[in-house]
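Engineer: Pasting a predicted model and its sequence here:
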Amino acid sequence: MTAFRSTPKLTGMEVHLTPEQQNQLAELAAQRGRDADALALEAISRYLEEEARFIEAVKLGEAALERGEYLTHEQVGKRLDRLFRS
């Protein structure tokens with residue numbers, strides 16, 4: 001059984017960047033003709049989407065493992081050998 005934690009609702013957030021990160025963000029935004037805030041929000045959105053995909057892939061892998069659908073280390077090695085010989 002999975003334990004669920006309550007997720008706090010965020011009403012506002014500040015992100016503190018190092019001076020180097022601020023400069024990098026400003027340079028990228030200028031190169032793209034974009035606002036630095038919009039570029040930061042886009043980066044955070046991409047990160048969150050990728051994390052969600054990763055978590056889903058892990059869950060799928062765990063479910064397959066529970067069903068006994070996996071390869072042993074030896075089986076993986078044999079498949080790689082065949083792949084590289086082709």
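Structural biologist: Great, that's in hand.
Engineer: can you point me to the longest helix in the chain?
Structural biologist: helix 36-66 (DSSP state H).
Engineer: which parts of it are buried?
Structural biologist: For helix 36-66, a neighbour-count test (16 or more other CB atoms under 10 Å) marks Leu39, Ala40 as buried. C-beta: built from backbone N, CA, C; applies to glycine.
Engineer: How far does that helix sit from its chain's centre?
Structural biologist: 4 Å (CA atoms, centre = their mean, to the nearest Å).
Engineer: looking only at pLDDT, what's the mean for it?
Structural biologist: Across helix 36-66, pLDDT averages out at 97.
Engineer: list the helices and strands that helix packs on?
Structural biologist: Contacts defined by 3 or more CB pairs under 8 Å, 6 or more residues apart in numbering; DSSP states H and E place helix 36-66 against helix 19-32.
Engineer: Flag every buried residue along the helix it packs on.
Structural biologist: Buried-residue list, helix 19-32, by 16+ other CB under 10 Å: Leu25, Ala29.
Engineer: That helix - what's its average pLDDT?
Structural biologist: In the prediction, helix 19-32 has an average pLDDT of 97.
Engineer: Could you do stretch 71-81 as well?
Structural biologist: 95.
Engineer: With just CA atoms, put it into CSV.
Structural biologist: Output in CSV follows, covering the C-alpha atoms of stretch 71-81 (Å, rounded to 0.1, in the frame of the first residue of the first chain):
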residue,chain,number,x,y,z
LEU,A,71,16.1,-10.0,-18.1
THR,A,72,19.0,-11.3,-16.0
HIS,A,73,22.4,-9.7,-16.2
GLU,A,74,23.5,-12.7,-18.3
GLN,A,75,20.6,-12.3,-20.7
VAL,A,76,21.3,-8.6,-21.2
GLY,A,77,24.9,-9.4,-21.9
LYS,A,78,24.0,-11.9,-24.6
ARG,A,79,21.6,-9.5,-26.3
LEU,A,80,24.3,-6.8,-26.3
ASP,A,81,26.8,-9.2,-27.8
